[in-house]
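1. Next comes the sequence, and after it the predicted model I'd like to discuss.
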Protein chains: 2
Amino acid sequence: MAELARRSDLSVATIKYYLREGLLQPGRRTSVNQAVYDAAHLERLRLVRALAKVARLPLHKIREVIQAVSVESSVLGAMAVTQDALVGDIETGALDKTADEALTRAIEERGWRCEPGSPAHRAAIRAVAELQAEGLGALVDRLDDYAQAADSIGRIDLEVVSVVDSLEAMIRGVVLGSVLRRPLLDTFVLLAQQHYANELHGNAP
Amino acid sequence: MAELARRSDLSVATIKYYLREGLLQPGRRTSVNQAVYDAAHLERLRLVRALAKVARLPLHKIREVIQAVSVESSVLGAMAVTQDALVGDIETGALDKTADEALTRAIEERGWRCEPGSPAHRAAIRAVAELQAEGLGALVDRLDDYAQAADSIGRIDLEVVSVVDSLEAMIRGVVLGSVLRRPLLDTFVLLAQQHYANELHGNAP
DNA sequence: ATTAATGGAGAGTAGTACTATCTATTGAGG
DNA sequence: CCTCAATAGATAGTACTACTCTCCATTAAT
């Protein structure tokens, strides 16, 4: 276990805590006070850390994702579970009607076939509604443009996933990819903003 | 104050707390136990809520952003402050060298002019490094594609901002836009993923 | 034989974001 | 004028998350 702690950069106490919380599968017991942990345990710990630190999911959500994914036998199913965890909980009240309409227009424009009523769809409506509520109509007017960029990203995501060979590695790739690709794109957008801000400012090459 | 609580959907106790924490400017006093709050107070509360609930910034970060932005007199400055808050704190250690190289290649490919060493740039390096560490090299191989999509988004962001007229409204738009555009794009990407997942699955139209 | 680590369990801690209670006013209605 | 609810201000308490510490009996390693 000291080994596992060293390799995962976590304290022994934290690993024990994760074991208690069911985030880490128990090791193979060799005696009453000894157990061996292998590469799978290390990988699990890395996954848990990624979900906690990068996606900032609460530990109970992480447990849900891990359990759901370990049962899951399809890549699409794993993707759905991960998506649901990433959007978080949405209050089940009525959603803004004009936001729904604006979103529906954008979806039709793109020709997307997606599940209406899915957590992601509901979260999208809420996001549009918040923009409208804060008077950022100029942003809402460009939904189509953002949708076009999102389309590229979603397509690349799926292309990347479909490269992998084994189902298990694919599911792991979907979960980790969904979580880790987000900050990548976020920071890339910031860099692009810097670029165009510099251009506006007159620092053109 | 009861009025402000009602309009902002916050409890009086919470507003008092925000006053204590310096997140809300004090109202104009009319007597020792009376003060009037106006539209600016309501707007501030909405901004605080957006930064807390949507961007999930801790309150002390929100205070930093608000104070920095209120002093700020340029749109670019406000954008930089907001960017720094959104990327969070990065440990000031050495960053992964191969990740830096991969990122530099992508930036050059795009022709971006951005600040090396800025929080956003450092965060990008870390994001790439995490993908590499988790064996998601397939994703890193497509940095250019993601960068291209990010480029579109950054360009649209700046176009949206430059539409506004007054400086004050522009700064508010930059802060709120940066914060609220994120979940919009996140959910759009999820919808695009659903679309392409359906296609892969054979549910083509 | 001694020392150090292990598994297990419970209690304790730090940080965040409120929420409740108290006090001394004070404004408004009857 | 009197009462009563509301207010500003301050302090203490709460709920939750994510650990961290301490203890124990047991056992592996030297």
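-> Thanks, I have the structure now. Residues are numbered from 1 along each chain as shown, chains lettered A, B, ... in the order given.
2. Quickly find the element holding the closest residue in space to residue A:110 that isn't next to it in sequence.
-> Distances taken as C-beta to C-beta, 6 or more residues apart in numbering or on different chains place residue A:147 nearest to residue A:110, at 4.9 Å, with adjacent residues excluded. All C-beta spots, glycine's among them, are computed from the backbone N, C-alpha and C. Assigned by DSSP states H and E, residue A:147 belongs to helix A:143-163.
3. If you count neighbours, what's buried in that helix?
-> Buried residues in helix A:143-163, defined by neighbour count with 16 or more other C-beta atoms under 10 Å in any protein chain shown: A:143, A:145-158, A:160-161.
4. before we move on, what about stretch A:11-20?
-> For stretch A:11-20, a neighbour-count test (16+ other C-beta under 10 Å) marks A:15, A:18-19 as buried.
5. Pick out the residue nearest the middle of chain A.
-> Of all residues in chain A, the one closest to the mean position by C-alpha atoms, centre = their mean is residue A:179, 3.6 Å from it.
6. Around DNA strand D, pick out the residues from chain A.
-> Residues of chain A lying close to DNA strand D by C-beta under 7 Å from any atom of the strand are A:11, A:13-14, A:16-17, A:30-34, A:52, A:58-60.
7. how about a cut-off of 6 Å?
-> Residues of chain A lying close to DNA strand D (C-beta under 6 Å from any atom of the strand) are A:11, A:13-14, A:17, A:31-34, A:52, A:58-59.
8. Show me which pair in these is furthest apart.
-> Distance extremes for the residues of chain A next to DNA strand D: the farthest pair is A:31 and A:58 at 34.8 Å, using C-beta to C-beta.
9. Please list all residues in contact with the residue nearest to the centre of chain A.
-> Contacts were defined as C-beta atoms under 8 Å, 6 or more residues apart in numbering or on different chains; by that measure residue A:179 touches A:50-51, A:54-55, A:82, A:86.
10. The strand or helix carrying residue A:195 to helix B:167-200, inter-axis angle?
-> For residue A:195, the enclosing helix or strand under DSSP H and E is helix A:167-200. Interaxial angle of helix A:167-200 relative to helix B:167-200 (axes from the mean of the first three to the mean of the last three C-alpha atoms, to 10 degrees): 150 degrees.
11. Give me the distance from helix A:167-200 to the chain's centre.
-> Relative to its parent chain, helix A:167-200 has a centroid offset of 11 Å by C-alpha atoms, centre = their mean, to the nearest Å.
12. Specify the angle between that helix and helix B:143-161 in degrees.
-> Relative orientation of helix A:167-200 and helix B:143-161, computed by the same axes, to 10 degrees: 40 degrees.
13. Can you point out the buried residues in helix A:167-200?
-> Using 16+ other C-beta under 10 Å as the burial criterion, the residues of helix A:167-200 that qualify are A:170-198.
14. Let me see the mean pLDDT of it.
-> Mean pLDDT, helix A:167-200: 94.
15. now do stretch A:127-143
-> Mean predicted lDDT for stretch A:127-143 stands at 95.
16. returning to what we had before: neighbour count for residue A:31 and residue A:58, which is higher?
-> A count of neighbours by other C-beta atoms under 10 Å in any protein chain shown puts residue A:58 above the other of residue A:31 and residue A:58, at 12 against 6.
17. any idea which helix or strand carries residue A:107?
-> Here residue A:107, judged by DSSP H and E, is contained in helix A:97-110.
18. Show me what that helix is packed up against.
-> In this structure, helix A:97-110 packs against helix A:119-133, helix A:143-163, helix B:167-200, with contacts taken as 3 or more C-beta pairs under 8 Å, 6 or more residues apart in numbering or on different chains; DSSP states H and E.
19. Out of those, the one nearest DNA strand C is which?
-> Closest to DNA strand C of these is helix B:167-200 (C-beta to the nearest atom of the strand; 14.3 Å).
20. quick one: low-confidence ranges for chain A?
-> Counting by pLDDT under 70, chain A has low-confidence residues at A:202-205.
21. Try it again at 90.
-> For chain A, the stretches flagged by pLDDT under 90 are A:73, A:75-76, A:88-95, A:161-169, A:200-205.
22. Around DNA strand C, which positions in it sit nearby?
-> Proximity of chain A to DNA strand C is confined to A:1-2, A:12, A:16, A:26-27, A:33-35 under the rule C-beta under 6 Å from any atom of the strand.
23. Chain B next: which of those residues are close?
-> Among the residues of chain A next to DNA strand C, not one lies near chain B by C-beta under 8 Å from any C-beta of the partner chain.
24. Just name the closest of those residues to residue A:78, please.
-> Top of the list for closeness to residue A:78, among the residues of chain A next to DNA strand C and by C-beta to C-beta, is residue A:26 at 23.5 Å.
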